[in-house]
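Enquirer: generate coordinates for the sequence data below:
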Amino acid sequence: MYYATFKGLKKGDIAEFNTKQERDDWVNFKDDFSIFVDNAPDNCVFERMALDDEDVINNVVNDKTMPTQQDDFLPNVKWYLRSIA
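Expert: Below you'll find the predicted structure:
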């Protein structure tokens, strides 16, 4: 699995992707939904970034009390909702 989040947020939600390509596309605003709604780095409120910090990933993914949600627009993406945990 591959992970990404929003840059600059201390407890930003974490997205889980099946492939590195899916993650990289989302980070670079090249995923289907971003293209459809014309999201780009210059018109989006938050920057996106790949998340490779194993400690953060393991703490979030292994926390069974962490709320999760499947993305409504990107069905292969699962969100770990740290912002409301």
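Enquirer: show me where the protein has helices.
Expert: According to DSSP state H, the chain carries its helices in the segments 20-27, 32-36, 54-61.
Enquirer: what about residue 32, how many neighbours?
Expert: Counted by other CB atoms under 10 Å, the residues lying close to residue 32 total 11. Just so you know, the C-beta spots here come from the backbone N, C-alpha and C atoms, and that holds for glycine as well.
Enquirer: likewise for residue 24?
Expert: Applying other CB under 10 Å, we find 15 residues neighbouring residue 24.
Enquirer: residue 28 now?
Expert: Neighbours around residue 28, by other CB under 10 Å: 13.
Enquirer: quick check: phi and psi at it.
Expert: Main-chain torsions, residue 28, degrees, to the nearest 10: phi -100, psi 10.
Enquirer: check contacts around it.
Expert: Residues in contact with residue 28 (CB atoms under 8 Å, 6 or more residues apart in numbering) are residue 48.
Enquirer: so how far is residue 60 from it?
Expert: 23 Å (CB to CB, to the nearest Å).
Enquirer: the helix or strand bottoming out on mean pLDDT in the chain - contacts with which helices or strands?
Expert: Lowest mean confidence among the helices and strands of the chain (mean pLDDT, DSSP states H and E): helix 54-61, at a mean of 88. In terms of contacts (3 or more CB pairs under 8 Å, 6 or more residues apart in numbering; DSSP states H and E), helix 54-61 is packed against strand 14-17.
Enquirer: the strand it packs on pairs with which strands, parallel or anti?
Expert: Sheet pairing of strand 14-17 (DSSP bridges) gives strand 2-6 (antiparallel), strand 78-80 (antiparallel).
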